[in-house]
Structure formats: C-alpha cells, structure tokens
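Chemist: Predicted coordinates and the sequence they were generated for:
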Amino acid sequence: MDFDVNAIASPEALTPVSPNEIDLLQLFSALWKQKTLIVAVTVLAGAIGIAYALLATPYYTVQSVLRPAAIKDLDELNHLGIYKLSPKQALAQVGTALDSYENRLSFFRDNQQLFAELAQPGRSLEQTFEAFNGEAFKLVQPDPKKAEGTTPFVGIQLTYPEGINGVQVVNGFVHYSLDSVRKQIAADLETLIGNRLSQLEKNMAAARANYEASKEIKIAKLKEADELKRAQLGDELSALRQQLKTRRNNRIYQLNEAIRIATSLGITKPTTPSSLGAAEITSQGSVIRTEVNNQQIPLYFMGSDALEAERKALLARRSDDFTEPRIAQIARELKLLEHNRQIETLNSRENEDLFLKDLAAWREEAARLRALQLDTELLMLVSIDQAAVEPSKPIKPKKALIVALALVLGGMLGLFIALVRNLRRPVTVI
C-alpha cells in the first residue's frame, strides 16, 4: 500500500484554529522574539524610577509627646487660692495651644528663618504657612475608643521636606506653646487679682457708704428722739405750770371765802370748833375738854389774820415752780437734752473705717492679693515625655518600593508594546 507523503497533514492542519482563539505557544514565541524590547522598556522604566527615587525631595517626620505634670508642679499655682488648674486641665490647655492655627501662625512669623526653604516668589507669608500647615502639622492624641484606662497625652507631629530643621521646629513650637499658655495663665492671674481687688474696693466703698448712711440715720433718729422728748417735757412743764396757777387761784378763792366767814364769826386768830363755844361752857363750871375730831377743820378756823396773810402771799407770787418737784426734774432733763453726747461722739470720729464691719478682713485679703508673686515662666505645666529627635531615615520617597514598582510597570508596558506590535503584523497563511 502506497502512501502519499504530501497527503500527511501537519499538526496545524489536523487541528484547525478558530480565528477567535489565541495560540498561547505562538503568542509566547512572538513575545520571546521581542524580549529585547521588553527588557529595554523595563530597564528604562526602572531607570526612571531610580532617578525619581534619587532626585525626589526626601520627607521626614518627627514628633514630641507631652503628658500631665505632677501635682507638686502645680501646687504653688493652686495654693494662691484664686486659680485652680489640675494636671489634666493644664495638658488640655497646652494641647489647645498646639492645635491653634493662630498660635502656629505666630510661631511661623516669629521664626521665619526656620522656614526659609518654603518661601516662594509671589506668595505671601500667610499663604506659605497655609500650604505648609495643612500638610505638615498633626496633633497626636489618644484614641477616644481606647482612652479609658490609659494615661492621657498630647503630642505634635511634623512631616517636613529636606532643608528644614524639623527637630528644632517641633521642639521650638512646643516650648513656644508652653510659653503662650504660661503668658495666658499670667494674664488670667493678673485679671483675677485685679478683679478681686476691685471687688474688695467696691465692698469697702459700699461699707463706707452704708456706714455713713447708718450714722446719718442714727443721728437723725437721736435728734428726732431728743426733739420729741423736749416737746413732751415742754408740754408737761406748761401743763404743770397751768395746773399750779389754777391751784393757786383756787386757793385764793378758798381764802377769800374763808376770810369772809372768819370775819363774820369774829375769828381773827386760829381756833377750833370746841374753843369757839368755850366761854359758855366755862360759865357753868370747871370742865376738862377733850376734842377728838376725824374731820378736816374748816379753813375759816385759821382766823382772818392768817388767811389774809396767806392770800397776800399768794397774790404776790410770780411763779409756782418751786411748789412742784417735778418741774425741777423737767428742767434737769431739758438741760441734758441741750447736748446729745452720743451725736457729738459720732460726729467727732476721725477714722471711721475702724467702725466698718469686715473691713479688717477685706484689707487683709487685699494686702495678700497685692503680695502674691508667682513666676509663671518656671511653671511646669506638662511633662515632656518625648522630645523630637533627628530621624534616622526619611519616610518618603521609599526608594526600593519606587524602583520595584517602576520595574513592574516597565515590564507591563514592555509586554503591552510587544503585544501591540505582534497584533499589527500581517498574518501568514500556509
């Protein structure tokens, strides 16, 4: 049996290839033929990556961490009695200063030599700081979810390009913030002391005004009481004199009546009712007369001579004051009312502050406040747990990663170029 050699088909002829299918072996063979191109592109990309890694500006990061100060460090401040600051509160104030945009800008303005590398033509100082602050500074704080049971802290982290002394910036900014908080505390102390002294002065002024008003009220009351007493005594004196005058006039009327009776009876000398009939009784014999009389003897028994003498004396009287002891007492009381020694004593006080209530305590407090001295520059607000130190290596660019990524991307780009070239070649049909 004869075989036709040409009748034996090639493997390609035995396995027909669909136009939509890719022969991996053929594709690999085509790529292998372009290995030089792929390697060249990969090497070129790697070279570009190496160049970028070597030429890119290195960035470094440093940080400083602060923790609460010891209680003894704030004891002198708290011992003043007008300002209370706990270690946690002091740490919070320092953290606020570290996070304050205005405080950072002030530090930037006061230390422009540290940021000379950032200056660019056409940009203001504030614009330069804004660009730097947005990317460089970061406040470090405990995670709120994990803060329980951990020691509180606050820190500042700075990411900066080569050419800037980041260690000096961070440490300087921390001390700048501490000084800022100390100045704020000093200003608060000065304000509190000033307000307290002002309040004490107002209290003393109010006490003086109250004392003056109280003294004037007391003097007015004493004068009013004296005037009332004087008026009452005057009224009593007038009433007594009127009473004595009426009594004297009544006595004169009684004497006139008694004189007429005595004259009609012929009684000129004092006598008694029993003596008036003694002549008739004597003519009848010897009699021993005993007179018991519990009734007042009528006035005319005094005799007209005695009665006329008394009436004459009463008519000649110019004042009845001596007949009433109360008039002498009223005169004494009126004499005493001429000078109120309590009012004179109140008006003669030279240093009236001595009589103010609580004045001594207020003066003592004012003297203590004026004598308060606290050097806030030596105040230890926080404990610097970690100061910024020179970093050992930059955080970016990461050269190895950049070169590796460049090689990978370069290899992928080389393969892509080789595939495109292979697809654009004309297809040879056997």
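Modeler: Good, I have the coordinates.
Chemist: Provide a list of residue ranges in the stretch 201-350 of the chain with pLDDT below threshold.
Modeler: Counting by pLDDT under 70, the ranges of the stretch 201-350 of the chain that qualify are 276-295.
Chemist: can you give me the strands for this protein?
Modeler: Ranges of strands in the chain, per DSSP state E, are 59-68, 137-140, 154-161, 382-386.
Chemist: ok, and for the second one, which residues are buried?
Modeler: I take that to be strand 137-140. Across strand 137-140, burial judged by 16 or more other C-beta atoms under 10 Å covers 137, 140. (Each C-beta comes from the backbone N, C-alpha and C, glycine too.)
Chemist: and it, C-alpha only, in PDB?
Modeler: Coordinates of each C-alpha in strand 137-140 appear next as PDB, following Å, rounded to 0.1, in the frame of the first residue of the first chain:
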ATOM      1  CA  PHE A 137       1.400  69.500  61.400                       C
ATOM      2  CA  LYS A 138      -0.700  66.800  63.000                       C
ATOM      3  CA  LEU A 139      -2.000  66.800  66.600                       C
ATOM      4  CA  VAL A 140      -1.400  63.400  68.300                       C
END
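Chemist: one step back: please name whichever of the strands of the chain is nearest to Pro397.
Modeler: Between Pro397 and those, the shortest separation by C-beta to C-beta is 7.9 Å, and it involves strand 59-68.
Chemist: mean confidence score for the closest one?
Modeler: Averaging pLDDT along strand 59-68 yields 90.
Chemist: Let's see it as CSV, backbone CA atoms only.
Modeler: Presented in CSV, the C-alpha positions along strand 59-68 are these (Å, rounded to 0.1, in the frame of the first residue of the first chain):
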residue,chain,number,x,y,z
TYR,A,59,10.4,63.9,53.6
TYR,A,60,11.0,63.3,57.3
THR,A,61,8.7,63.1,60.3
VAL,A,62,9.4,63.9,64.0
GLN,A,63,7.1,64.2,66.9
SER,A,64,7.0,65.3,70.6
VAL,A,65,4.7,63.8,73.2
LEU,A,66,3.6,65.5,76.3
ARG,A,67,2.0,64.0,79.4
PRO,A,68,0.3,65.5,82.6
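Chemist: If you count contacts, what does that strand end up packed against?
Modeler: Strand 59-68 sits against helix 87-99, strand 154-161, helix 166-265, strand 382-386, with contacts defined as 3 or more C-beta pairs under 8 Å, 6 or more residues apart in numbering; DSSP states H and E.
Chemist: Tell me which of those sits nearest to Tyr52.
Modeler: strand 154-161 (15.3 Å).
Chemist: ok so, going back, so which of the helices and strands packed on strand 59-68 comes closest to Arg368?
Modeler: helix 166-265 (9.9 Å).
Chemist: Can you list the helices and strands that that closest one packs against?
Modeler: Applying 3+ C-beta pairs under 8 Å, 6+ apart, one finds that helix 166-265 contacts strand 59-68, helix 87-99, helix 101-110, strand 154-161, helix 304-316, helix 325-337, helix 341-347, helix 359-370.
Chemist: Of all these, which one comes closest to Ile395?
Modeler: In terms of C-beta to C-beta, the element of those nearest to Ile395 is strand 59-68, at 5.1 Å.
Chemist: Mind listing what's buried along the closest one?
Modeler: Using 16+ other C-beta under 10 Å as the test for burial, strand 59-68 gives 59-68.
Chemist: quick one on the thing from earlier: quickly compare the helices and strands packed on strand 59-68 and say which is most buried.
Modeler: Among the helices and strands packed on strand 59-68, ranked by average contacts under mean count of other C-beta atoms under 10 Å, first place goes to strand 154-161 (a mean of 21).
Chemist: Show me what it is packed against.
Modeler: Here strand 154-161 touches strand 59-68, helix 87-99, helix 125-136, strand 137-140, helix 166-265, going by 3+ C-beta pairs under 8 Å, 6+ apart.
Chemist: That concludes my questions; thank you for your assistance.
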